[in-house]
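*Asks:* pasting the sequence and the predicted model now:
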Amino acid sequence: MKGVMEGTIYLKQEEIKLGCGSTAKNAIVDNFYQVIEVDENQVEIHLLDFSGQPIGKGSFLPKDRLKEYIPCPDYFKNKKKPEELLIERHVQLGDHHFEKKEFFSAEYEYEQAISMNQNHLKANLGKGKTLFARGDKEGAKKVFSKLSGLETLYDKENKHLFNEFGIELRKKKMFEEAISNYLKAISIDPKDEVLYYNLGRVFYEEGRREEAIDHLKYALAINPDFQEAQEFLSKIHSF
């Protein structure tokens, strides 16, 4: 097992037990280790914390046991900064509070994230949803307007976000904003049938039946087996 260098990072998926008693369950977690070569037969491994720092004392391992681990040569290149991790933590807490309908707590967590990055997409989307949920529709619209103006929202890698954003706008009957969002999204990824389907739903709910039919047909032209689009198109024709 040649080529093990000091500072090399390895990943091992390990099973841990969460909870106790009747609520206990097993979960698989990704643990990262820094590997230091001791000699030709042995390495020393150190478990890393979320920020990439070694935890406690290392342990020794025969080199041939490293076949149980996955090398991660780009670990530090792809590692997020502590501030980015903290922002994500605030967003996760915000999502948790939102699901429990603890809207003021959710808004607080999203605000904490936004204070560190004004243009954080998920934090702004979460804040907008929260404001709307607690009745501040004008505040929500301001946040959604800001969000739709962020160019990074429409990067292809954020496709799940601009699709979720469009769904939120439709549910809140902000049809013009939803249509604008989906048209931007389609310009980024014109072969995504889900975007055409969701745009068709917006047009239908706004009362623009023919445009809804057209966009559902676009979705089916891309993917003839798209069952939801088939069913929705049949529903429209049945009226």
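*Replies:* Nice, I can see it.
*Asks:* longest helix anywhere in the protein?
*Replies:* The helix that spans the most residues within the chain, counting by DSSP state H, is helix 82-99.
*Asks:* output it as PDB, restricted to C-alpha atoms.
*Replies:* Extracted C-alpha coordinates of helix 82-99, given in PDB (Å, rounded to 0.1, in the frame of the first residue of the first chain):
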ATOM      1  CA  PRO A  82     -16.400  27.500   9.200                       C
ATOM      2  CA  GLU A  83     -18.500  30.600   8.300                       C
ATOM      3  CA  GLU A  84     -20.300  28.700   5.500                       C
ATOM      4  CA  LEU A  85     -20.900  25.800   7.800                       C
ATOM      5  CA  LEU A  86     -22.400  28.100  10.400                       C
ATOM      6  CA  ILE A  87     -24.700  29.700   7.800                       C
ATOM      7  CA  GLU A  88     -25.900  26.200   6.800                       C
ATOM      8  CA  ARG A  89     -26.500  25.400  10.500                       C
ATOM      9  CA  HIS A  90     -28.700  28.400  10.900                       C
ATOM     10  CA  VAL A  91     -30.600  27.500   7.800                       C
ATOM     11  CA  GLN A  92     -31.100  24.000   9.000                       C
ATOM     12  CA  LEU A  93     -32.400  25.200  12.300                       C
ATOM     13  CA  GLY A  94     -34.700  27.600  10.500                       C
ATOM     14  CA  ASP A  95     -36.100  24.800   8.400                       C
ATOM     15  CA  HIS A  96     -36.600  22.700  11.600                       C
ATOM     16  CA  HIS A  97     -38.500  25.500  13.300                       C
ATOM     17  CA  PHE A  98     -40.500  26.200  10.100                       C
ATOM     18  CA  GLU A  99     -41.700  22.600  10.000                       C
END
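*Asks:* start at 55 instead
*Replies:* Got it, the first residue is 55 from now on, which makes the last one we talked about helix 136-153.
*Asks:* and that helix, how far out from the chain's middle?
*Replies:* Helix 136-153 has its C-alpha centroid displaced from the chain centroid by 12 Å (Cα atoms, centre = their mean, to the nearest Å).
*Asks:* contacts for the helix or strand of the chain with the lowest mean pLDDT, please.
*Replies:* Taking mean pLDDT, DSSP states H and E as the measure, helix 129-132 is the helix or strand of the chain with the lowest mean score, a mean of 72. With Cβ atoms under 8 Å, 6 or more residues apart in numbering as the test, helix 129-132 has contacts from 63, 86, 106. For glycine as for every other residue, the C-beta is placed from the backbone atoms N, C-alpha and C.
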